[in-house]
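>>> Need a 3D model of the following:
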Amino acid sequence: MNEATLAWLTPDWPVPASVRVCATLRGGGASDGAYASLNLASHVGDREACVAENRRRLGAALALPSEPLWLNQVHGVAVARLADRGASALADAAVAFEPGQVCAVLTADCLPVVLADRGGTRVAVAHAGWRGLAAGVLQSAIAALGVPASQLAAWLGPAISQPAFEVGAEVRAAFLASSPKYDAGFTENPRGRYQADLYALARLALEQAGVSSVHGGGWCTFGDPERFFSHRRDGGRTGRIATLAWLA
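Below you'll find the predicted structure:
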């Protein structure tokens, strides 16, 4: 495959064109087997040379202004500030305030969320699985942007859908501990467990934080193996797509 076969999703949202965002699809890369083919993660067991080539192809296809800050994601709430020299990459969100700084998160069922101010002067991207959502990763990213939440727009990238995401009662309890409103993101199934809606939970978190302009959502990484990697579908051995955001 060559660079021309790469494809990605882009938002339709009310921010200036200077805010560049894409969520990659899994085709057009150099990896094979469980990682076929555009795996962008170096921590999942894929060959280092393949990951490096995939990142090179992505950078060329998108004409990225710099190498993304590839985070060491731990399902937490820490935010890397790209403006800080030597910013720690041990984080689950990143923010940028200057053109040319590329924020990125890697996912394979967890929800990537992009935030930008409507003036196009700052951007953030967050890795929001259920643990991060429950712990407040979106609230941390909003705070790091340093503008009123009412001035922000959010875009929800590809994630596992509610019908495919069964969880235990402890997951629901983790959300309800912070707000009873999160109950709307869960539906009990016949097994006495719950189907969790990451998109709905993120929308609820954003609404409570004051972000009313929320877009995207509606994909299912689990149910679309042609376009997406899925940790749950593939038994944990799979690649990762990337959601990237930067200011042009």
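>>> Only C-alpha atoms from now on, for both contacts and neighbour counts.
Noted.
>>> how deep is T5 tucked in, by neighbour count?
10 (other C-alpha atoms under 10 Å).
>>> Figure out the length between the terminal residues of stretch 173-185.
12 Å (C-alpha to C-alpha, to the nearest Å).
>>> Then stretch 8-22?
End-to-end distance for stretch 8-22, by C-alpha to C-alpha: 6 Å.
>>> Pull out the buried positions in that stretch.
By 16 or more other C-alpha atoms under 10 Å, the buried positions in stretch 8-22 come out as 8, 10-11, 14-15, 19-22.
>>> could you give me the average pLDDT of it?
Averaged across stretch 8-22, pLDDT comes to 97.
>>> which residues touch it?
23-25, 114, 116-120, 123, 153, 155, 215-216, 243-248 (C-alpha atoms under 8 Å, 6 or more residues apart in numbering).
>>> element containing the most far-flung residue of the chain relative to its centre?
Residue farthest from the centre of the chain, counting by C-alpha atoms, centre = their mean, is P190 at 30.3 Å. Assessed by DSSP states H and E, P190 sits outside every helix and strand.
>>> ok, it to L106 distance?
In terms of C-alpha to C-alpha, P190 sits 33 Å off from L106.
>>> Same question for P180.
Distance from P180 to L106, by C-alpha to C-alpha: 30 Å.
>>> So between those two, which is more surrounded?
L106 (26 against 11).
>>> what's the closest non-adjacent residue to the more buried one?
Spatial nearest neighbour of L106, chain neighbours left out: A242 (4.5 Å); criterion: C-alpha to C-alpha, 6 or more residues apart in numbering.
>>> give the contact list for that neighbour.
A242 makes contacts with 23-24, 40, 104-107, as judged by C-alpha under 8 Å, 6+ apart.
>>> what are the pairing partners of whichever helix or strand it is part of, and which direction each?
Assigned by DSSP H and E, A242 falls within strand 241-247. Paired strands of strand 241-247, with direction, are strand 19-24 (antiparallel), strand 103-107 (antiparallel) (DSSP bridges).
>>> quick one: whatever helix or strand comes next after the first one to strand 19-24, angle?
If I follow you right, that is strand 19-24. Tracing the chain past strand 19-24, the next element assigned as helix or strand by DSSP H and E is helix 48-62. Computed by axes from the mean of the first three to the mean of the last three C-alpha atoms, to 10 degrees, the angle separating helix 48-62 from strand 19-24 equals 140 degrees.
>>> State the mean pLDDT of the helix or strand just after helix 48-62.
Counting by DSSP H and E, the element after helix 48-62 in chain order, helix or strand, is strand 69-70. The average pLDDT within strand 69-70 is 94.
>>> hmm, back to that, show me the one of the strands paired with strand 241-247 that comes nearest A49.
In terms of C-alpha to C-alpha, the element of the strands paired with strand 241-247 nearest to A49 is strand 103-107, at 18.0 Å.
>>> With just CA atoms, put that closest one into PDB.
Output of strand 103-107 as PDB, limited to C-alpha atoms (Å, rounded to 0.1, in the frame of the first residue of the first chain):
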ATOM      1  CA  CYS A 103      -1.700  16.700  19.800                       C
ATOM      2  CA  ALA A 104      -2.500  13.000  19.400                       C
ATOM      3  CA  VAL A 105      -4.200  10.200  21.300                       C
ATOM      4  CA  LEU A 106      -4.300   6.500  20.300                       C
ATOM      5  CA  THR A 107      -7.500   4.400  20.600                       C
END
